[in-house]
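[1] generate coordinates for the sequence data below:
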Amino acid sequence: MQTLSREKSFLEFLPVSLFGGIMGLCGLTFSWRLAEKAWHINTFCSEVIGMLALSCFIALSIAYILKIMKYPSLVFSELKHPVQACFFATMIVSLLLIPGVLFLYLPVISKILWLVGAILIFFFAIFILRKWLDNQQTLQSAVPVWILPVVGTLDVPIVGLHLGIPEAKEICTMFFGIGLIFSIILMVIVLSRLLFQAQLSKDIQPTLLILTAPFALAYTCYIQIQGKGDLASATMFYFNLFLFLILSGKILLLPKTCPFKVSWWSVSFPLTAVTVTCFNYASTSVFFLHRLISIILLAITTLIIIYLFIQTVYRIITGTFIANPSKN
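    Next up is the predicted model:
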């Protein structure tokens, strides 16, 4: 006697990694703000993208809270998984970035969200690191998403230094130190896995772009804390740009990994992080090439995020978003 398997509902399938899309939209908002400032144009684009990011954050947060209430076992199973647990950092980082969008309209709420996000990413980083230390890990499981929980600490200063919170600079300096050192350690581990173990499957190779995020964020944090650029910041900028050139070709694999996968969104925030870095560096450089690279990166990043957003909305509406859920 055969039993029919029940198809997963959208709420059951809803992956926490989808918050990576919120990170990408927030990053695109910040990128366009820098572009508008550099080009002396109105803020229409950044405001539209920012409102879209905020709307998506609210909708996705409500949906995921419903999932926690209705399917707590599924959420806990994700949290226990050695790789999937890392994606919970995307939800917390969204809390850290959304205040940068919201601050102009609701400064008090923005400060509260940022403080909550800072506390959560601090304890989540401890949770993940202790989990790794208390349980033997295999080198094969060292994938780019491992960097997410610790790199999340580098997102604390990105917005926090602009909220006018007392002692924010000291808090942000602490998170900068934690994030930078652990990012270096984890990047060595992940690169060792990539060099000496079997290649990642094609459908997750685009996640390699996550490796470009740490030094992009570290550069932005550093110049904000220091108030100026120097040799150390230039070193981080050029190393990150070189690393991005090595890994940027992985973006071309997206159309080859059809059908659409949630992991595609993993390229969005690293792209915006590198774009923000280039705009910041170009603002203090007289070299025209830096401004040209910023323009090219902004155009590519904007087009890719528009494509990802349209794909996501289309597949949610048509019910094809959860097709073959085991592969997403």
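
[2] not counting its neighbours along the chain, what's nearest residue 154?
    Spatial nearest neighbour of residue 154, excluding adjacent residues (Cβ to Cβ, 6 or more residues apart in numbering): residue 179 at 3.6 Å. C-beta: built from backbone N, CA, C; applies to glycine.

[3] run a quick neighbour tally on the one you found.
    For residue 179, the count of nearby residues is 25 (other Cβ atoms under 10 Å).

[4] need the contact list for it.
    Counting by Cβ atoms under 8 Å, 6 or more residues apart in numbering, residue 179 touches 150, 151, 152, 153, 154, 156, 214, 217, 218, 221.

[5] helix or strand for it, which one?
    helix 168-196 (DSSP states H and E).

[6] next SSE downstream of that helix?
    That would be, after helix 168-196 and using DSSP H and E, helix 213-226.

[7] angle of that following helix against helix 168-196?
    Angle, helix 213-226 to helix 168-196, by axes from the mean of the first three to the mean of the last three Cα atoms, to 10 degrees: 160 degrees.

[8] show me what whatever helix or strand comes next after helix 213-226 is packed against.
    Next along the chain after helix 213-226, taking DSSP H and E as the criterion, comes helix 231-247. On a contact count with 3 or more Cβ pairs under 8 Å, 6 or more residues apart in numbering; DSSP states H and E, helix 231-247 meets helix 213-226, helix 268-282.

[9] save the ones you listed as a markdown table, and put in distance to residue 105 too.
    Listed next are these as a markdown table, based on distance: least, Cβ to Cβ, whole Å:
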| stretch | distance to residue 105 |
| --- | --- |
| helix 213-226 | 22 |
| helix 268-282 | 21 |
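
[10] out of those helices, deepest packed?
    Of all those, helix 268-282 carries the top mean neighbour count, a mean of 27, counting by mean count of other Cβ atoms under 10 Å.

[11] which elements pack onto that one?
    With 3+ Cβ pairs under 8 Å, 6+ apart as the test, helix 268-282 has helix 19-39, helix 213-226, helix 231-247, helix 288-318 packed against it.

[12] adding distance to residue 64 and mean pLDDT, write those out as a markdown table.
    A markdown table is the format used below for the helices and strands packed on helix 268-282 (distance: least, Cβ to Cβ, whole Å; pLDDT from 0 to 100):
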| stretch | distance to residue 64 | mean pLDDT |
| --- | --- | --- |
| helix 19-39 | 8 | 95 |
| helix 213-226 | 22 | 94 |
| helix 231-247 | 29 | 94 |
| helix 288-318 | 14 | 91 |
